[in-house]
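J.: Below is the sequence, then the predicted model.
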Amino acid sequence: MQAKFDAQKIAFAPIMFQAAISLRNLGILKNIQNNQRTGTTIENIAKDLNLSVYGIKVLVEAGLSLEVLYIKESKIFISKTGWFLINDKLTKVNMDFTQDVNYKGFFKLEESIKNGKPEGLKEFGQWDTIYEGLSQLPPKAKESWFNFDHYYSDIAFPEVLPLIFEDNPLKGMDVGGNTGKFSIKAAEFNENVNITILDLPGQLELAAKNIKENGFENRINGYPINLLDHSIPFPKGQDFIWMSQFLDCFSQEDIVKLIERAKEALSENGVLYILETYWDNQKFEASTYSLHATSLYFTCMANGCSQMYHRDDMLKLIDKAGMKVKKEYENIGISHTLLKCIRK
């Protein structure tokens, strides 16, 4: 019976997700939380939010099955799970990413699997990958995409910067630098470093604006490049190369080529740093669950060929590209792993 119940949860999951989003966005969960000491009623919620009793009733009842709400002595209260839906930043980032970036496009997941292309991306535009269209996404989708991307990477920066600069590198490269957040943090951390950001022209425009606002235009520059054109070499002479949540955006074949190009761009004693979240290397079951879901985003929306990788897969690709892991740092940021790589 438990297995059959779990199967029904899957069968109705998209509907119930929309119920949870509505409970959050309409302010229902917040209203109930504000009355948590005494509990509240459907009629009171409807009055407070100027919504119909009927609308509140169907959503609250869905909330009971979702276990985000519970009833005690005829009064409605918010559960610990419900509390996370409105107060936990990680949960908010993930829900917004699912709703604003993925939800409509995921009707095309089967087609994406069959065709090896992100067919769901057509919901937003006619691009081969989402990265080509990031600057042109609808405002809400763009905001949720960047919030999702930055939330996981930004938390790791304070931990990784001392590791990168313990050898006092003077010249570095940020591959797939997006809005330039890492490069700006690195320039703040070390007053002598010069950094080149490699990314698509549209992304570099966003980065250039942020770099100028922070006063680092003399030490951070952009290098427009199609990273999937493996005939184009990376700028040479780099003391370190930074790839944060970057390689998971590519197929295994492309990862090997990207690491090979990075290897050729390094100075004699240069180091390649790879920061990723490997689904097999997680402390918590919730992390693995989230990463498996994120892999399907890559399949359906991002590029149709990449995923959140198993650690062993990445180690094999690094070896195939002619590099080796000199040191590995676990539990960086939110369950990240930092690989410090050098030439064989």
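T.: Structure's in. What do you need? Residues are numbered from 1 along each chain as shown.
J.: what's near enough to touch residue 111?
T.: residue 119 (CB atoms under 8 Å, 6 or more residues apart in numbering). Any C-beta I mention is one placed from the backbone N, CA and C, and that applies to glycine too.
J.: that's a strand at it, yeah?
T.: No - according to DSSP: H, G, I helix; E, B strand; the rest coil, residue 111 belongs to no strand; its state is helix.
J.: how much space between it and residue 145?
T.: Per CB to CB, to the nearest Å, residue 111 is found 21 Å from residue 145.
J.: which residues sit in contact with residue 219?
T.: Counted by CB under 8 Å, 6+ apart, residue 219 has contacts 187, 193-195.
J.: Nearest to residue 311 among those residues?
T.: residue 195 (27.5 Å; CB to CB).
J.: which residues does the closest one contact?
T.: So residue 195 contacts 171-174, 183, 186-187, 219-221 (CB under 8 Å, 6+ apart).
J.: what do you get if the cut-off is 7 Å, keeping everything else the same?
T.: Counting by CB atoms under 7 Å, 6 or more residues apart in numbering, residue 195 touches 172-174, 183, 186-187, 219-220.
J.: per-residue pLDDT, it?
T.: pLDDT recorded at residue 195 is 97.
J.: so it, which of the three states?
T.: strand.
J.: Please report how far it lies from residue 108.
T.: Distance from residue 195 to residue 108, by CB to CB: 38 Å.
J.: now swap in residue 302 and tell me
T.: Residue 302 is 13 Å from residue 108, by CB to CB.
J.: Check residue 135 too.
T.: Residue 135 is 23 Å from residue 108, by CB to CB.
J.: Can you pick out the residue with more neighbours from residue 302 and residue 108?
T.: In this view residue 302 and residue 108 are compared by other CB atoms under 10 Å, and residue 302 has more residues nearby, 26 against 19.
J.: Give me the nearest residue to the more buried one, chain neighbours excluded.
T.: Leaving out its chain neighbours, the residue that sits closest to residue 302 by CB to CB, 6 or more residues apart in numbering is residue 130, at 4.7 Å.
J.: What count of nearby residues applies to the one you found?
T.: For residue 130, using other CB under 10 Å, the count is 23.
J.: helices or strands up against the longest helix along the chain?
T.: Counting residues, the longest helix found in the chain (DSSP state H) is helix 139-154. Contacts defined by 3 or more CB pairs under 7 Å, 6 or more residues apart in numbering; DSSP states H and E place helix 139-154 against helix 89-96.
J.: number of nearby residues for the closest residue to residue 280 other than its chain neighbours?
T.: The shortest distance from residue 280 to any residue other than its chain neighbours is 4.9 Å, reached at residue 310 (CB to CB, 6+ apart). A total of 13 residues lie near residue 310 under the criterion other CB under 10 Å.
J.: Run through the residues that contact residue 310.
T.: Residue 310 is in contact with 278-280, counting by CB under 7 Å, 6+ apart.
J.: again with residue 16
T.: 62, 66.
J.: oh, and call the first residue 15 from now on, that's how I've got it
T.: That works, and once the first residue is 15, the last one we named lands at residue 30.
J.: how much space between it and residue 15?
T.: For residue 30 relative to residue 15 (CB to CB), the value is 19 Å.
J.: center of this structure - which residue?
T.: residue 163 (3.5 Å; CA atoms, centre = their mean).
J.: From residue 155, how far out is that residue?
T.: Taking CB to CB, one finds residue 163 at 12 Å from residue 155.
J.: next one: residue 132
T.: Residue 132 is 14 Å from residue 155, by CB to CB.
J.: Which of these two has more residues huddled nearby?
T.: residue 132 (26 against 22).
J.: Burial check on the nearest residue to that one once chain neighbours are set aside, number of neighbours?
T.: Excluding the flanking residues, the one nearest residue 132 by CB to CB, 6+ apart is residue 318, at 4.4 Å. Here the number of neighbours of residue 318 (other CB under 10 Å) works out to 21.
J.: Looking at residue 169 now. What's its pLDDT?
T.: 81.
J.: From what I see, it and residue 347 are in contact.
T.: Yes - the pair residue 169 / residue 347 is scored as a contact, 4.3 Å apart, by CB atoms under 7 Å.
J.: more neighbours, the two?
T.: Under the neighbour definition other CB under 10 Å, residue 169 and residue 347 were set side by side, and residue 347 has more, 21 against 14.
J.: Distance check, the more buried one against residue 223.
T.: For residue 347, the distance to residue 223 (CB to CB) stands at 25 Å.
J.: which residues sit in contact with residue 89?
T.: Residue 89 neighbours (CB under 7 Å, 6+ apart): 53-55.
J.: Narrow the residues you listed to just the buried residues.
T.: 53-54 (16 or more other CB atoms under 10 Å).
J.: If we only consider the contacts of residue 89, which is nearest to residue 272?
T.: residue 54 (54.2 Å).
J.: Tell me who's in contact with that closest one.
T.: 46, 89-90 are the contacts of residue 54 under CB under 7 Å, 6+ apart.
J.: Out of those residues, which sit inside helices?
T.: Using DSSP H, the contacts of residue 54 in helices are residue 46.
J.: those helices in the stretch 115-264 of the chain, which residues are they?
T.: Under the criterion DSSP state H, counting those that start in this stretch, helices of the stretch 115-264 of the chain are mapped to 123-129, 153-168, 171-178, 195-203, 215-227.
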